[in-house]
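Student: After the sequence you'll find the predicted model.
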Amino acid sequence: MEDTEAGTTVREYRTEELAEAAGIPVRTLRFYRERKLLPPPRREGRIAWYDDHHLARLRTIAALLERGHTLGGIAELTAAFENGRDVGQLGELLGIGWSEETPVRLTPEALADYFEGEVTPENLAASLDLGYLATDGDEIVHVSRRLLDVSSALVREGVPLSAVLETGRRVREHADEMAALFTELISTHLTEEALPRLRPLAKSVVEAELTMAMDRLLASGAPSGAQPGAQPGAPSGAQDPSS
(Lines give C-alpha, C1' and ligand atoms only; values in the text may rest on other atoms or scores of the structure.)
Protein backbone atom coordinates (compact mmCIF):
# COMPACT_ATOMS: atom_id res chain seq x y z
CA MET A 1 0.00 0.00 0.00
CA GLU A 2 1.11 3.55 -0.71
CA ASP A 3 -0.33 6.81 0.67
CA THR A 4 -0.89 9.55 -1.90
CA GLU A 5 -0.72 13.30 -1.35
CA ALA A 6 -4.52 13.40 -1.20
CA GLY A 7 -4.43 11.01 1.74
CA THR A 8 -5.97 8.07 -0.11
CA THR A 9 -4.42 4.63 -0.12
CA VAL A 10 -3.42 2.99 -3.40
CA ARG A 11 -3.37 -0.79 -3.62
CA GLU A 12 0.01 -2.04 -4.81
CA TYR A 13 1.06 -5.44 -6.08
CA ARG A 14 4.32 -7.29 -6.50
CA THR A 15 4.80 -8.96 -9.89
CA GLU A 16 3.44 -12.33 -8.75
CA GLU A 17 0.46 -10.71 -7.00
CA LEU A 18 -0.49 -8.66 -10.05
CA ALA A 19 -0.27 -11.68 -12.34
CA GLU A 20 -2.50 -13.66 -9.97
CA ALA A 21 -5.05 -10.82 -9.74
CA ALA A 22 -5.15 -10.56 -13.55
CA GLY A 23 -5.36 -14.32 -14.01
CA ILE A 24 -2.26 -14.58 -16.19
CA PRO A 25 1.15 -16.26 -15.81
CA VAL A 26 4.06 -14.14 -14.55
CA ARG A 27 5.88 -14.74 -17.85
CA THR A 28 2.94 -13.20 -19.73
CA LEU A 29 3.04 -10.14 -17.50
CA ARG A 30 6.74 -9.72 -18.17
CA PHE A 31 6.15 -10.19 -21.90
CA TYR A 32 3.57 -7.40 -21.85
CA ARG A 33 6.06 -5.16 -20.06
CA GLU A 34 8.70 -5.91 -22.71
CA ARG A 35 6.17 -5.03 -25.44
CA LYS A 36 5.44 -1.75 -23.59
CA LEU A 37 1.79 -2.66 -23.18
CA LEU A 38 2.06 -1.67 -19.51
CA PRO A 39 3.48 1.54 -18.06
CA PRO A 40 6.63 1.08 -15.96
CA PRO A 41 6.08 0.01 -12.34
CA ARG A 42 7.25 1.97 -9.31
CA ARG A 43 10.58 0.60 -8.19
CA GLU A 44 11.83 0.25 -4.65
CA GLY A 45 15.29 -1.16 -4.91
CA ARG A 46 14.97 -4.42 -6.83
CA ILE A 47 11.23 -4.69 -6.18
CA ALA A 48 8.71 -3.63 -8.83
CA TRP A 49 5.42 -2.30 -7.47
CA TYR A 50 2.29 -2.21 -9.63
CA ASP A 51 -1.08 -0.64 -8.83
CA ASP A 52 -4.73 -0.86 -9.85
CA HIS A 53 -4.05 1.09 -13.07
CA HIS A 54 -1.77 -1.73 -14.21
CA LEU A 55 -4.44 -4.28 -13.26
CA ALA A 56 -7.06 -2.36 -15.25
CA ARG A 57 -4.71 -2.26 -18.25
CA LEU A 58 -4.18 -6.03 -18.07
CA ARG A 59 -7.93 -6.62 -17.99
CA THR A 60 -8.34 -4.31 -20.99
CA ILE A 61 -5.65 -6.22 -22.90
CA ALA A 62 -7.43 -9.51 -22.16
CA ALA A 63 -10.79 -8.09 -23.28
CA LEU A 64 -9.36 -6.70 -26.52
CA LEU A 65 -7.60 -9.98 -27.28
CA GLU A 66 -10.95 -11.76 -26.87
CA ARG A 67 -12.41 -9.32 -29.41
CA GLY A 68 -9.80 -10.27 -32.01
CA HIS A 69 -7.25 -7.48 -31.58
CA THR A 70 -3.58 -8.38 -31.93
CA LEU A 71 -0.95 -7.41 -29.37
CA GLY A 72 0.63 -5.12 -31.96
CA GLY A 73 -2.70 -3.41 -32.56
CA ILE A 74 -3.32 -3.08 -28.82
CA ALA A 75 0.10 -1.47 -28.40
CA GLU A 76 -0.72 1.09 -31.10
CA LEU A 77 -4.12 1.81 -29.53
CA THR A 78 -2.50 2.22 -26.13
CA ALA A 79 0.04 4.67 -27.53
CA ALA A 80 -2.74 6.69 -29.17
CA PHE A 81 -4.68 6.86 -25.91
CA GLU A 82 -1.62 7.92 -23.92
CA ASN A 83 -0.84 10.67 -26.44
CA GLY A 84 -4.43 11.90 -26.55
CA ARG A 85 -5.97 14.87 -24.78
CA ASP A 86 -7.27 14.54 -21.25
CA VAL A 87 -10.76 15.67 -20.27
CA GLY A 88 -9.61 19.11 -19.16
CA GLN A 89 -7.83 19.76 -22.43
CA LEU A 90 -10.86 18.58 -24.39
CA GLY A 91 -13.20 21.03 -22.68
CA GLU A 92 -10.74 23.84 -23.37
CA LEU A 93 -10.33 22.76 -27.01
CA LEU A 94 -14.04 22.69 -27.74
CA GLY A 95 -14.84 25.71 -25.58
CA ILE A 96 -17.54 23.85 -23.70
CA GLY A 97 -18.43 22.82 -20.20
CA TRP A 98 -20.51 19.86 -21.37
CA SER A 99 -23.37 22.42 -21.50
CA GLU A 100 -26.03 20.48 -23.40
CA GLU A 101 -24.17 17.32 -24.36
CA THR A 102 -23.93 14.31 -22.10
CA PRO A 103 -20.40 12.85 -22.04
CA VAL A 104 -20.06 9.07 -21.94
CA ARG A 105 -17.38 7.21 -19.98
CA LEU A 106 -16.15 4.04 -21.66
CA THR A 107 -13.52 1.41 -21.12
CA PRO A 108 -11.39 0.64 -24.19
CA GLU A 109 -13.17 -2.68 -24.59
CA ALA A 110 -16.60 -0.99 -24.44
CA LEU A 111 -15.47 1.39 -27.18
CA ALA A 112 -14.41 -1.61 -29.25
CA ASP A 113 -17.90 -3.08 -28.78
CA TYR A 114 -19.53 0.12 -30.05
CA PHE A 115 -17.49 0.04 -33.26
CA GLU A 116 -16.74 -3.64 -33.78
CA GLY A 117 -13.74 -4.10 -36.06
CA GLU A 118 -13.39 -0.35 -36.66
CA VAL A 119 -11.34 0.73 -33.63
CA THR A 120 -8.01 1.10 -35.39
CA PRO A 121 -5.10 3.35 -34.39
CA GLU A 122 -5.92 5.61 -37.36
CA ASN A 123 -9.60 5.99 -36.42
CA LEU A 124 -8.70 6.47 -32.78
CA ALA A 125 -6.19 9.20 -33.64
CA ALA A 126 -8.80 10.93 -35.83
CA SER A 127 -11.37 10.79 -32.99
CA LEU A 128 -8.87 12.22 -30.52
CA ASP A 129 -7.89 14.94 -32.98
CA LEU A 130 -11.53 15.91 -33.58
CA GLY A 131 -12.11 16.09 -29.85
CA TYR A 132 -14.75 13.35 -29.86
CA LEU A 133 -12.64 11.35 -27.40
CA ALA A 134 -10.48 12.21 -24.42
CA THR A 135 -8.78 10.17 -21.73
CA ASP A 136 -9.40 10.24 -17.99
CA GLY A 137 -7.12 7.80 -16.22
CA ASP A 138 -8.00 4.31 -17.39
CA GLU A 139 -11.26 5.47 -18.97
CA ILE A 140 -12.17 7.07 -22.28
CA VAL A 141 -14.65 9.94 -22.38
CA HIS A 142 -16.75 10.59 -25.48
CA VAL A 143 -17.85 14.22 -25.69
CA SER A 144 -21.46 13.52 -26.68
CA ARG A 145 -23.90 10.66 -26.14
CA ARG A 146 -25.81 11.77 -29.24
CA LEU A 147 -22.75 11.78 -31.49
CA LEU A 148 -21.61 8.42 -30.10
CA ASP A 149 -25.01 6.82 -30.78
CA VAL A 150 -25.26 8.28 -34.30
CA SER A 151 -21.71 7.23 -35.21
CA SER A 152 -22.30 3.73 -33.89
CA ALA A 153 -25.60 3.43 -35.78
CA LEU A 154 -23.96 4.47 -39.06
CA VAL A 155 -21.17 1.93 -38.58
CA ARG A 156 -23.72 -0.80 -37.89
CA GLU A 157 -25.42 0.15 -41.17
CA GLY A 158 -22.15 -0.48 -42.98
CA VAL A 159 -20.58 2.99 -43.20
CA PRO A 160 -16.83 2.83 -42.43
CA LEU A 161 -15.91 4.68 -39.25
CA SER A 162 -13.18 6.56 -41.13
CA ALA A 163 -15.84 8.00 -43.46
CA VAL A 164 -18.08 8.90 -40.50
CA LEU A 165 -15.19 10.76 -38.85
CA GLU A 166 -14.25 12.63 -42.03
CA THR A 167 -17.87 13.70 -42.48
CA GLY A 168 -17.91 14.77 -38.85
CA ARG A 169 -14.87 16.94 -39.50
CA ARG A 170 -16.63 18.64 -42.42
CA VAL A 171 -19.85 19.07 -40.45
CA ARG A 172 -17.85 20.72 -37.66
CA GLU A 173 -16.55 23.33 -40.13
CA HIS A 174 -20.06 24.16 -41.36
CA ALA A 175 -21.45 24.17 -37.81
CA ASP A 176 -18.82 26.69 -36.75
CA GLU A 177 -19.79 28.91 -39.68
CA MET A 178 -23.50 28.69 -38.82
CA ALA A 179 -22.82 29.46 -35.17
CA ALA A 180 -20.82 32.52 -36.23
CA LEU A 181 -23.67 33.68 -38.49
CA PHE A 182 -26.26 33.44 -35.74
CA THR A 183 -23.95 35.08 -33.21
CA GLU A 184 -23.35 37.99 -35.60
CA LEU A 185 -27.08 38.37 -36.21
CA ILE A 186 -27.94 38.56 -32.51
CA SER A 187 -24.93 40.68 -31.55
CA THR A 188 -25.63 43.18 -34.32
CA HIS A 189 -29.35 43.66 -33.74
CA LEU A 190 -29.70 42.76 -30.06
CA THR A 191 -27.01 42.11 -27.45
CA GLU A 192 -24.58 39.31 -26.78
CA GLU A 193 -26.39 38.70 -23.50
CA ALA A 194 -29.37 37.49 -25.54
CA LEU A 195 -27.37 34.64 -27.12
CA PRO A 196 -27.93 31.98 -24.44
CA ARG A 197 -31.67 32.72 -24.36
CA LEU A 198 -32.06 32.63 -28.15
CA ARG A 199 -29.74 29.70 -28.75
CA PRO A 200 -32.66 27.24 -29.21
CA LEU A 201 -33.85 29.36 -32.16
CA ALA A 202 -30.56 28.79 -33.96
CA LYS A 203 -30.86 25.04 -33.42
CA SER A 204 -34.40 25.08 -34.82
CA VAL A 205 -33.29 26.97 -37.93
CA VAL A 206 -30.44 24.53 -38.59
CA GLU A 207 -32.67 21.49 -38.13
CA ALA A 208 -35.39 22.91 -40.39
CA GLU A 209 -32.96 23.94 -43.15
CA LEU A 210 -31.17 20.59 -43.07
CA THR A 211 -34.49 18.74 -43.27
CA MET A 212 -35.63 20.81 -46.27
CA ALA A 213 -32.24 20.48 -47.99
CA MET A 214 -32.39 16.67 -47.73
CA ASP A 215 -36.00 16.74 -48.96
CA ARG A 216 -34.91 18.74 -52.02
CA LEU A 217 -32.07 16.34 -52.79
CA LEU A 218 -34.30 13.30 -52.45
CA ALA A 219 -37.07 14.85 -54.55
CA SER A 220 -34.68 15.88 -57.34
CA GLY A 221 -33.04 12.48 -57.53
CA ALA A 222 -29.71 14.28 -57.43
CA PRO A 223 -26.63 12.06 -57.23
CA SER A 224 -24.39 12.02 -54.21
CA GLY A 225 -22.48 15.26 -53.82
CA ALA A 226 -24.77 17.30 -56.07
CA GLN A 227 -25.66 20.84 -55.13
CA PRO A 228 -29.28 21.44 -54.04
CA GLY A 229 -31.30 22.88 -56.92
CA ALA A 230 -28.97 21.51 -59.61
CA GLN A 231 -30.52 19.81 -62.62
CA PRO A 232 -30.36 15.99 -62.29
CA GLY A 233 -27.56 14.69 -64.46
CA ALA A 234 -26.17 18.17 -65.10
CA PRO A 235 -22.57 18.93 -64.15
CA SER A 236 -22.01 21.15 -61.15
CA GLY A 237 -22.24 24.82 -62.14
CA ALA A 238 -24.21 24.10 -65.39
CA GLN A 239 -27.00 26.54 -66.17
CA ASP A 240 -30.66 25.59 -66.48
CA PRO A 241 -31.30 25.63 -70.29
CA SER A 242 -34.68 27.23 -69.69
CA SER A 243 -33.06 30.32 -68.15
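Tutor: Nice, I can see it.
Student: Buried ones in the lengthiest helix in the chain, by neighbour count?
Tutor: Longest helix of the chain, by residue count under DSSP state H: helix 161-189. Across helix 161-189, burial judged by 16 or more other C-beta atoms under 10 Å covers 161, 164, 165, 168, 182, 186. (Each C-beta comes from the backbone N, C-alpha and C, glycine too.)
Student: out of those residues, what pair is the most spread apart?
Tutor: Using C-beta to C-beta, the buried residues of helix 161-189 span at most 36.2 Å, a distance reached by 161 and 186.
Student: Now do stretch 72-84, average pLDDT.
Tutor: For stretch 72-84, mean pLDDT is 72.
Student: quick one, strands of this protein?
Tutor: Using DSSP state E, the strands of the chain run over 2-3, 9-10, 12-13, 42-44, 47-51, 104-106, 133-136, 139-142.
Student: Make JSON lines out of those strands and add distance to residue 63.
Tutor: As requested, those are exported to JSON lines (distance: least, C-beta to C-beta, whole Å):
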{"stretch": "strand 2-3", "distance to residue 63": "27"}
{"stretch": "strand 9-10", "distance to residue 63": "23"}
{"stretch": "strand 12-13", "distance to residue 63": "19"}
{"stretch": "strand 42-44", "distance to residue 63": "25"}
{"stretch": "strand 47-51", "distance to residue 63": "18"}
{"stretch": "strand 104-106", "distance to residue 63": "12"}
{"stretch": "strand 133-136", "distance to residue 63": "17"}
{"stretch": "strand 139-142", "distance to residue 63": "13"}
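Student: Export these to JSON lines and append columns for distance to residue 177 and mean pLDDT.
Tutor: Conversion of these to JSON lines gives the following (distance: least, C-beta to C-beta, whole Å; pLDDT from 0 to 100):
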{"stretch": "strand 2-3", "distance to residue 177": "51", "mean pLDDT": "48"}
{"stretch": "strand 9-10", "distance to residue 177": "48", "mean pLDDT": "68"}
{"stretch": "strand 12-13", "distance to residue 177": "52", "mean pLDDT": "92"}
{"stretch": "strand 42-44", "distance to residue 177": "49", "mean pLDDT": "91"}
{"stretch": "strand 47-51", "distance to residue 177": "47", "mean pLDDT": "92"}
{"stretch": "strand 104-106", "distance to residue 177": "27", "mean pLDDT": "87"}
{"stretch": "strand 133-136", "distance to residue 177": "24", "mean pLDDT": "80"}
{"stretch": "strand 139-142", "distance to residue 177": "24", "mean pLDDT": "84"}
